[in-house]
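[1] here's my sequence, what's the structure:
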Amino acid sequence: MLRQYAQEEISQLGIPEQGPVRTNENCPPEFFGTFFVLKGDTLTIPVDTTALGGGTAVTLALVDCEPVDFGTVTLEGDQLVYVANPDVDGGLDTICVDFCKPALPCQTFKYPIIVKRAGQVISPAPVVLQGEEFLNEYCLDDSGFPGELVCNYFDDCLDSYDGEGQQGYYFTQYSQPAHCFRYKASRFAGDDLVCVVLCDEFAVCDTFRVTFRIQSDTLGLPFFDDFSYNGPFPASAYWLDRHAFVNNTMAKSPPSVGMATLDGLGSNGQPYGNLGSADRLTSKYIDLGSPSGSVYLKFYVTPKGYGLYPNEPDSLLLEFRKPDGQWQQVANFGGLIDDIPVDSVPPFIFQSIQVDDEYFYKGFQFRFRNFVSPVGIYDLWHIDYIFLNDQEGPGDTFDDIAFTQLPPSFLKNYTSMPWWHFEGFVEEELRSEPLESGFFNHFAETITIADSDILLSEAITGTIFPGSDNVVDGPDANIPSKDPVTRSKALQPSTLAGYKAQLQSGFPGAEEVDLLMEYRLTVNSQQALFFRNDTVRRHNRFEDYFAYDDGTAESFIFFANPQAVSPTLAVKFHANVADTLRGVQFHFPHVNGDAENQLFNLKVWLGDYNSEPVYEYIFKTPLYADSKFDTLQGFTTYKLKDILGELTPVGLPAGSDFYIGFQQVTITNYGIPIGFDVNNEAQQNLFYNLGTGFEPFPAALRGAPLMRAIVGSETPIDTRVEEQPNRAAAIRLFPNPSTGWVQVEGGAQAAFGLYNTMGQLLLRGSLQDGRLDMGGLPNGLYILNIRTEEGINWTGKITLAR
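    I've put the predicted structure just below:
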């Protein structure tokens with residue numbers, strides 16, 4: 001897969017914004033009616049006198065209409081014979097022939113002939129770069145072209161470069177043909193061959209085969225990564241690719257906080273194009289040239305986690321790289337043979353693989369690969385605590401005590417909310433339950449954590465809150481060996497009082513606040529290699545939205561709607577102060593196939609979900625966001641606006657409840673999926689309606705949907721998504737305005753729904769030969785929704801004016 005960087009990634013890398021991707025479409029350009037001949041060759045052009053209406057008395061004659069500079073031409077019977085000069089790289093001659101019939105004026109026919117040299121394959125000297133180095137400009141030598149450049153494109157030249165799809169390259173400009181391009185190296189060492197084709201006005205096309213020689217250093221032993229850092233990608237200090245999703249929540253009780261999840265989504269959050277091999281986790285180059293003892297690769301692994309389990313063929317492979325560059329499979333972890341309950345979470349299992357001496361060389365690598373069917377966020381595998389060393393045996397004992405989870409949210413009701421709804425309501429909104437912590441002791445014996453801290457600060461201003469407390473103390477500080485444990489700790493009253501005082505007066509009128517809770521532990525007998533997992537942090541961000549989720553969807557929910565009951569999910573929020581609801585955010589995971597053709601209605605209720613909605617927008621479609629937040633799991637933002645596109649924010653009275661509603665419209669067994677966070681519960685604020693009235697959300701589905709309410713004084717920006725081919729562009733209405741009937745071009749037998757501007761359905765049915773009769777309706781503006789058999793969903797406006 002050729003990796004193309006998203007715009008926000010280009011910005012982060014310091015790469016100037018690229019233009020549209022150019023292909024070889026119409027390159028070289030077509031020259032209709034023009035003949036081509038290579039220099040030194042002969043071109044014969046038959047003159048079809050019969051087609052011209054000729055007979056026995058017709059004559060053909062060469063005439064001097066333009067100079068012939070690049071060859072010689074003769075007329076031999078009814079054939080033009082053109083011999084191109086051998087020293088011409090590019091030129092255009094126009095040959096004129098008179099066609100004459102008795103008693104009639106002669107007709108002159110022109111034959112343009114382009115003389116050109118053959119295309120060349122040019123291999124410049126290799127360009128040496130370091131991994132992830134950015135080359136701002138590389139220019140090809142275009143001085144050998146006989147004419148002006150007219151087009152360019154990147155050609156797909158086959159090579160065996162391991163980093164294919166993880167580098168980036170594009171032309172420096174797209175407003176006109178460019179012979180210069182930019183290149184962003186991947187982390188992979190090796191020769192990356194990039195082929196560029198340049199064509200000039202004479203259709204002379206040269207192929208430049210540019211080799212970028214990517215260099216990389218080797219790592220020494222020990223190699224250790226437990227993914228106890230912010231993702232979403234594996235750290236470049238240890239790993240070459242960006243496929244695995246580094247997270248803290250996708251599986252239960254890891255051996256250390258953080259894990260790498262392999263699924264069916266690429267590094268851009270989009271599903272892979274084909275079934276089969278999907279994510280890879282490839283180590284950097286490691287020096288195993290002279291190990292001092294037996295070498296073991298150790299790690300923990302589990303299938304499924306909180307997500308969808310892999311079936312038997314959806315395996316996880318471990319491969320070692322031989323000195324000749326070939327990958328050798330050394331372990332295969334098969335998927336699950338039997339179905340397991342959705343709420344069942346398999347434990348992490350320790351694995352130890354001895355590295356044979358055939359892999360003892362400088363530049364050794366190992367990698368994990370998973371297989372998926374279908375593609376999407378399916379068939380999950382989770383890997384953690386990867387350790388490679390020559391000083392250890394095969395056992396699972398390490399001098400380490402690790403945190404296994406982040407601190408909990410410091411909020412009682414939400415994971416995030418606007419500061420102006422929190423300020424002045426600290427008692428109501430601040431968490432009062434004990435704070436949880438999780439540990440895994442990798443020592444062979446019970447270890448006591450004698451030194452630990454809970455710290456609270458505000459990250460934007462750097463304000464340190466007064467007071468501190470221990471994460472664990474007393475008997476809870478004794479952590480048993482090799483068994484994941486959780487502990488709870490109630491803050492000391494003096495510490496909690498200090499926190500509340502700072503929260504009530506420390507940030508008056510702030511628009512954004514970022515509370516940072518930090519856990520620390522110190523165990524002197526640990527190896528320094530493992531210190532990173534002794535500190536964990538959680539941010540509670542106060543911005544312009546309410547959320548019950550932590551930003552990561554471990555699972556998903558959807559409505560089956562086979563009977564057209566239009567089931568609805570309602571999520572309750574509370575406004576402490578008067579405010580304005582301006583938008584809604586959803587996370588739509590890549591499951592249930594292509595849900596972008598399905599429809600849903602967005603609703604808002606004030607006070608009671610059994611009342612009439614104060615806002616409703618029908619026939620929205622799910623969009624997969626291409627702008628990502630802190631994780632690969634992006635949110636799609638919908639501004640509140642009416643069917644005409646005018647903004648329609650909803651006022652929220654102080655002290656009021658309001659509800660965001662999602663109503664499945666498309667009739668299907670597999671409706672639009674919504675991300676579901678299983679690590680945070682919002683049960684008391686979730687309601688659903690299957691056509692018989694709203695009920696509390698099922699108790700068995702514990703978690704929080706990734707649906708957020710955007711409030712405040714500023715209108716949010718609708719999510720920008722990658723431009724897709726507009727399949728609906730072929731749908732057109734005429735006449736419009738209409739006096740009573742409308743012809744729908746491109747929708748001959750399509751299903752339709754006609755609505756007024758309030759969203760009320762007026763007519764529904766199937767178009768007959770694309771004709772819609774509106775004769776019984778009054779003058780005004782109407783909304784027409786079209787759904788074709790090909791799956792095109794189109795909405796447009798019709799004006800009825802008699």
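[2] please report the residue range of the longest helix in this protein.
    Among the elements of the chain assigned as helix by DSSP state H, the one spanning the most residues is helix 493-505.
[3] and the strand ranked longest in the chain, what other elements does it pack with?
    In the chain, taking DSSP state E as the definition, the longest strand is strand 376-389. Strand 376-389 sits against strand 223-225, strand 259-264, strand 295-303, strand 366-372, with contacts defined as 3 or more C-beta pairs under 8 Å, 6 or more residues apart in numbering; DSSP states H and E. For the C-beta atoms, the positions are set from N, CA and C on the backbone; glycine is no exception.
[4] what pairs with the first one, parallel or antiparallel?
    Spelled out, it's strand 223-225. The strands that strand 223-225 pairs with in its sheet are strand 376-389 (antiparallel) (by DSSP bridges).
[5] now do the partner strand and strand 366-372, the angle between them.
    160 degrees (axes from the mean of the first three to the mean of the last three C-alpha atoms, to 10 degrees).
[6] now strand 376-389 and strand 295-303, what's the angle there?
    Angle, strand 376-389 to strand 295-303, by the same axes, to 10 degrees: 160 degrees.
[7] could you check the angle strand 259-264 makes with strand 376-389?
    Going by the same axes, to 10 degrees, strand 376-389 makes 140 degrees with strand 259-264.
[8] helices or strands next to the longest helix of the chain in the packing?
    Against helix 493-505 (3+ C-beta pairs under 8 Å, 6+ apart) you get helix 426-429.
[9] what do you get if the cut-off is 10 Å, keeping everything else the same?
    helix 426-429, strand 451-458, strand 513-522 (3 or more C-beta pairs under 10 Å, 6 or more residues apart in numbering; DSSP states H and E).
[10] the last one pairs with which strands?
    For strand 513-522, the pairing partners within the sheet under DSSP bridges are strand 451-458 (antiparallel), strand 535-542 (antiparallel).
[11] can I get those in a markdown table with mean pLDDT and distance to Leu644?
    What follows is these, written out as a markdown table (pLDDT from 0 to 100; distance: least, C-beta to C-beta, whole Å):
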| stretch | mean pLDDT | distance to Leu644 |
| --- | --- | --- |
| strand 451-458 | 96 | 43 |
| strand 535-542 | 95 | 34 |
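[12] could you export those strands as a markdown table, including distance to Ser344?
    Putting the strands paired with strand 513-522 into a markdown table (distance: least, C-beta to C-beta, whole Å) gives the following:
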| stretch | distance to Ser344 |
| --- | --- |
| strand 451-458 | 32 |
| strand 535-542 | 26 |
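[13] re earlier: which parts of the longest helix of the chain are buried?
    Applying a neighbour-count criterion of 16 or more other C-beta atoms under 10 Å, one finds 495-496, 498-499, 502-503 buried in helix 493-505.
[14] distance from that helix to the middle of the chain?
    41 Å (C-alpha atoms, centre = their mean, to the nearest Å).
[15] between it and strand 451-458, how many degrees?
    10 degrees.
[16] what's the mean pLDDT across helix 493-505?
    Averaging pLDDT along helix 493-505 gives 93.
[17] and the nearest residue to Gly363 once chain neighbours are set aside, how far from Ala185?
    Closest residue to Gly363 apart from its sequence neighbours, by C-beta to C-beta, 6 or more residues apart in numbering: Tyr285 at 4.6 Å. For Tyr285, the distance to Ala185 (C-beta to C-beta, to the nearest Å) stands at 15 Å.
[18] more neighbours: which of those two?
    Between Tyr285 and Ala185, Ala185 has the larger neighbour count (other C-beta atoms under 10 Å), namely 25 against 18.
[19] which residues touch the more buried one?
    Contacts for Ala185 (C-beta atoms under 10 Å, 6 or more residues apart in numbering) come out as 127, 129-135, 163, 166-169, 192, 212-216.
[20] distance-wise, check it relative to Val128.
    10 Å.
[21] shared neighbours of the two, which are they?
    What both Ala185 and Val128 touch, as defined by C-beta under 10 Å, 6+ apart, is the set 212-215.
[22] out of these, which are buried?
    Buried among the shared contacts of Ala185 and Val128 (16+ other C-beta under 10 Å): 212, 214.
[23] ok, which pair from the shared contacts of Ala185 and Val128 is furthest apart?
    Using C-beta to C-beta, the pair of those lying farthest apart is Phe212 and Gln215, separated by 10.3 Å.
[24] common neighbours of those two, please.
    128-129, 133, 185, 190.
[25] show me how to select, in PyMOL, the buried members of the residues you listed.
    This is how PyMOL selects the buried members of these, with burial counted by 16+ other C-beta under 10 Å:
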select buried, resi 129+185+190
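[26] any idea which of the shared contacts of Phe212 and Gln215 is closest to Leu455?
    Of all these, the one sitting nearest Leu455 is Glu133; the distance, using C-beta to C-beta, is 38.3 Å.
[27] who are the contact partners of that closest one?
    Glu133 neighbours (C-beta under 10 Å, 6+ apart): 127, 183-185, 212, 214-215.
[28] distance of it relative to Gly168?
    The value you get for Glu133 to Gly168, if C-beta to C-beta is used, is 12 Å.
[29] what touches both of those two?
    183-185.
[30] out of those, which one has the lowest pLDDT?
    Out of the shared contacts of Glu133 and Gly168, that is Lys184, at 90.
[31] for that one, which non-adjacent residue is closest in space?
    Gly168 (4.0 Å).
[32] and the pLDDT at the one you found?
    87.
[33] that one touches Phe154, doesn't it?
    No - Gly168 lies out of contact with Phe154 (C-beta atoms under 10 Å); the separation is 11.4 Å.
[34] would you map the strands across the stretch 301-450 of the chain?
    For the stretch 301-450 of the chain, the strands defined by DSSP state E, counting those that start in this stretch occupy 316-321, 327-333, 349-355, 362-364, 366-372, 376-389, 401-403, 435-441, 447-448.
[35] direction included, what does the shortest one pair against?
    Each strand that pairs with strand 447-448, with its direction, by DSSP bridges: strand 478-479 (antiparallel).
[36] mind checking how far the partner strand is from the chain centre?
    Counting by C-alpha atoms, centre = their mean, strand 478-479 comes out at 42 Å from the chain centroid.
[37] what strands line up against the next helix or strand after it, and which way round?
    Scanning forward in sequence from strand 478-479 by DSSP states H and E, the next helix or strand is strand 485-489. In the sheet, strand 485-489 lines up against strand 435-441 (antiparallel) (DSSP bridges).
[38] ok, which pair from the contacts of Glu133 is furthest apart?
    Once C-beta to C-beta is applied, these give Lys184 and Gln215 as the farthest pair, at 15.2 Å.
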